[in-house]
Structures are given as C-alpha cells and as structure tokens.
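In: please work out how this folds:
(2 chains)
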Number of protein chains: 2
Amino acid sequence: MAEQRATNITWHAQTVTREDREKLLGQRGVTVWLTGLSGSGKSTIAVAAEQALLSRGRLAYVLDGDNIRHGLNKNLGFSPEDRTENIRRIGEVAKLFADAGLVVFTSFISPYRADRDLVRAIHDAGSEAPGPPSHPLGRFVEVHVAASVETCESRDVKGLYKKARAGEIKEFTGISAPYEAPLEPELVIETGDEPVEKSVERLVGYLDAQGYLRS
Amino acid sequence: MAEQRATNITWHAQTVTREDREKLLGQRGVTVWLTGLSGSGKSTIAVAAEQALLSRGRLAYVLDGDNIRHGLNKNLGFSPEDRTENIRRIGEVAKLFADAGLVVFTSFISPYRADRDLVRAIHDAGSEAPGPPSHPLGRFVEVHVAASVETCESRDVKGLYKKARAGEIKEFTGISAPYEAPLEPELVIETGDEPVEKSVERLVGYLDAQGYLRS
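Out: Reported below is the predicted structural model:
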C-alpha cells in the first residue's frame, strides 16, 4: 500500500484482491498446465475446455505457442537455457492470469520435470499482492495429456514426426529427446482412444469437483 | 485450427474469440498504459481505477513493479537493453490480458518514447487469434500521468529523489536521466493539485465514453 501514500491527498482506494475478482467472476483463478507429447491433444483439449467453460459463463484463456512464441518469447531459441526460460516466463504469465481470477490453460509440451516443478513452485509461492491468505485450493493443476509416441506419430498432423524421423528436426521430444512424464500430476487424461468430448468432460468435471468453477 | 485435427475424432470445438470473452464480461479488452515520473501517481491511480471498475462489475487488473519485477522480469537488470526488454515483455503480457478481455492498467515509469511506441505497435499488430477483425476501438490507451519533477520530489514517499540527488541512485528519471513525455497520448492526467478521485473519474470517464466498459 506504500504507493498510495505517493499522493498529496488523504483519499485511499481499497486494493482489489484476487478474491474480489474471483467473486465477480464466480470462479477461482487457476493455472491448468497441460503437458504431453506433440500430437497428444493438448491444444485441442485446451481450446475445447475454454469453450466448455464459456458456455457455463466462466472466463478462461489459453496460452499456447501461437500467442507466446510470436510475442513474449519471440526472442528465445531452442537451447536448453532458452527452453527453460520459455517455460519459466509462461509460468509467470500464467500465474498473473490466475491471480487475475481466470482459469488459464497452458498448452506446451514442457517435457522436463524440473521446468514444470519450477512453475509449480512459482505458483506455490503465492501472490505478491496484499490481502487475506490464499484459499486452500491449489493454484496449479498439472494435467498429463497422455498418449503413446506411436499414437501421436500415427496422427502426425503437422508432419513433425516424419521430419524428426528423417533427422530434419533435431531433439524432437519422444523421438530424439526425452519426455519426462509427471510423477504426481493432479490429473492424467489418456487421449489414445478417447473422444475429445470425453477428455474435456473429464477435465472440466475435475475443475468443478475441486471447486474452481464457483467463487 | 490445425491443432484440432491432431485428434482421431471428428468433433470440433469452436474456438473462443476475444469478442466472446468480451461479451461475457460486458466490456472491451484494452491496455491502459500509465506513464510518468516516479511519484506522479501512476500506481495510486491504477489501483483506484481497478476498484472503480470492480464497483461497476467490470474486470480489471494492474501490472506493476510488484508483480512483474519479482516474477516475469526478475532476470532483468537496469542496462539500456534490459530496460527495453522489461517494457517489451510487459507490453506483450498486457496485450494477452487485453486479448483475454480485461482492462489492464500498467504502472511503469517507461520514460522512453521508443519503448512505449514499440508497445503500441505490438498492440496495433492485433491478435494472432483467429476470429472476426478487431472492433474499431484501439487496444492501447496511453495515459500521461503528469506532474512536475518538483511536485514528485516534494512527495518523495520512498525517499528515492533524495537518494538520486545524493548520487546514490544513478540515472534516476527526471533527475539524472531523461523522461520523454508522450507526444500524442490518448489522455493526460495532471496530478499536481488534483485529488486522486478526480483523476480516476477522468480516466474511468474516458474509458466509458470510448465504449470500453460495455461489450
């Protein structure tokens, strides 16, 4: 509140808290971190889940390669350091969105456990904002969108697996670079034989059951 | 929509657009960029404006040093390159918030015209997201929170001007580093003799008159 004393008058606005925003929105802010192989269905699920929440009058937002790699992280490459920084920045931005009261879905392969654990730690550290202690709900939900390499490769919508097999893409997750599956994710969604509708039902059902879709 | 074909089923979710989110919120997403000297009243106005919008049932969010410098931009220093990158990242994040449908207030000195113009250009470039063309409203509103160095120095809540005068802080905006005032800001708020309430009324009145507070 120090900044508020920077004026020459005595009127003080009450700082708006996350809880205030959540009450307005009728939901709890949370980062839903989707991790999985290329082609596992992360983006499909994220987009469909945003739509499902909208139809229930809830505000969600998707962070993905389209709006991050060409914007905030366009000055990052694919070195190990840059990959870690890529995930760190996305985690920090997601935390801001969760603090704003949104359900934010992130759709990135994020193959390394250490990177995802860092993002979880960032969220666990809580908000810098003043106000009452956070509600007991976690603000970080890790979702493993799980499908075998074979399944993802058989889909290969973007032809990336083909290029990876041909050696045209180096260090391709699942082919020539490791994917470290989450050890204790909040949720696992197996997309192998499951229709997207079912996966989304499962995800939204989880958020609902945990209490994120009411304030 | 390419990602959606990455699944083995035929069901497709409709992508949620910015307009959909704005309709849900009853407002238009916009970045309100407050620029001005240390002590000019940026943060006070931002916090109070968020409260004023909340009381009207509108969702806003404040990006400021507290939630940016200790998070997203904690790996940046104060070199010229880092200062520019600091503002660029904030601009990119603000754009995401505006795309999500929020009224986002940014509270940073941002003394250089070139940096602010870059952020404006980032916003003018529009969203990467699919959907109908953006509404005619601009998505970037530059607000010069104007007060003389003398006024700001007389407030000096944090004792920064004193330290700057003593040479303990190098390159302090207004004392030993330039502040480049906006040439064509959407709004100028002179905080010298004006109560904060009046400044906030002016700012919220502008947003209302322009159509940002309805969808």
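In: what's the angle between the longest helix along chain A and helix B:80-99?
Out: When chain A is parsed with DSSP state H, its longest helix is helix A:80-99. Between helix A:80-99 and helix B:80-99, the angle comes out at 40 degrees (axes from the mean of the first three to the mean of the last three Cα atoms, to 10 degrees).
In: can you list contacts of helix A:80-99?
Out: Where contact means Cβ atoms under 8 Å, 6 or more residues apart in numbering or on different chains, the residues beyond helix A:80-99 that reach it are A:18, A:29-31, A:33, A:61, A:63, A:68, A:72-73, A:76, A:104, A:106, A:108, A:110, A:112, A:114-116, A:118-119, A:122-123, A:127, A:129, A:139, B:61, B:63, B:67, B:71-72, B:75, B:89, B:93, B:96-97, B:100. C-beta here means a position set from N, CA and C on the backbone, and glycine is covered the same way.
In: for chain A, which segments count as helices?
Out: Under the criterion DSSP H, helices of chain A are mapped to A:18-25, A:42-55, A:65-67, A:80-99, A:113-124, A:149-155, A:160-165, A:196-210.
In: among the ones you listed, which is nearest B:Arg202?
Out: Checking the helices of chain A against B:Arg202 by Cβ to Cβ gives helix A:18-25 as the closest, at 23.2 Å.
In: ok, A:His144 - contacts?
Out: Contacts for A:His144 (Cβ under 8 Å, 6+ apart) come out as A:Thr35, A:Gly36, A:Ala181, A:Pro182, A:Pro185, A:Leu187, A:Val188, A:Ile189.
In: output the lowest mean pLDDT helix or strand found in chain A.
Out: Of all helical and strand segments in chain A, the minimum by mean pLDDT, DSSP states H and E falls on helix A:65-67, at a mean of 91.
In: most tightly packed of the helices of chain A?
Out: Between the helices of chain A, helix A:42-55 has the highest mean count of neighbours, a mean of 24, where neighbours are mean count of other Cβ atoms under 10 Å in any protein chain shown.
In: is chain B within reach of it?
Out: Yes: judged by Cβ under 8 Å from any Cβ of the partner chain, helix A:42-55 comes into contact with chain B at A:Ser43, A:Thr44, A:Val47, A:Ala48, A:Glu50, A:Gln51, A:Ala52, A:Leu54.
In: confidence-wise, which of the helices of chain A is weakest overall?
Out: Looking over the helices of chain A, mean pLDDT reaches its minimum on helix A:65-67, with a mean of 91.
In: would that one count as contacting chain B?
Out: Yes: Helix A:65-67 is in contact with chain B by Cβ under 8 Å from any Cβ, via A:Asp66, A:Asn67.
In: now that helix, how far from the centre of its chain.
Out: Between the centre of helix A:65-67 and the centre of its chain there are 13 Å (Cα atoms, centre = their mean, to the nearest Å).
In: before we move on, back to that, wait, which of the helices of chain A is closest to A:Val143?
Out: Taking Cβ to Cβ as the criterion, helix A:196-210 is the member of the helices of chain A that comes nearest to A:Val143, at 6.7 Å.
In: now do the closest one and helix A:42-55, the angle between them.
Out: Angular relation of helix A:196-210 and helix A:42-55 on a 0 to 180 degree scale: 60 degrees, by the same axes, to 10 degrees.
In: which elements pack onto helix A:196-210?
Out: For helix A:196-210, the elements it packs on are strand A:30-35, helix A:42-55, strand A:140-146, strand A:187-190, judged by 3 or more Cβ pairs under 8 Å, 6 or more residues apart in numbering or on different chains; DSSP states H and E.
In: who touches it?
Out: Under the criterion Cβ under 8 Å, 6+ apart, external residues in contact with helix A:196-210 comprise A:30, A:32, A:41, A:44-45, A:48-49, A:52-53, A:103, A:137, A:141, A:143, A:145, A:186-187, A:189, A:191, A:213, B:7, B:9, B:11, B:13.
In: from those, which would you call buried?
Out: Burial of the contacts of helix A:196-210 was assessed by neighbour count (16 or more other Cβ atoms under 10 Å in any protein chain shown); the buried members are A:30, A:32, A:41, A:44-45, A:48-49, A:52-53, A:103, A:141, A:143, A:145, A:186-187, A:189, A:191, A:213, B:7, B:13.
In: what's the burial count for the nearest residue to A:Ala177 once chain neighbours are set aside?
Out: If the residues on either side of it in the chain are set aside, A:Ala177 comes closest to A:Glu171, at 4.1 Å by Cβ to Cβ, 6 or more residues apart in numbering or on different chains. A count of neighbours around A:Glu171, defined by other Cβ atoms under 10 Å in any protein chain shown, yields 13.
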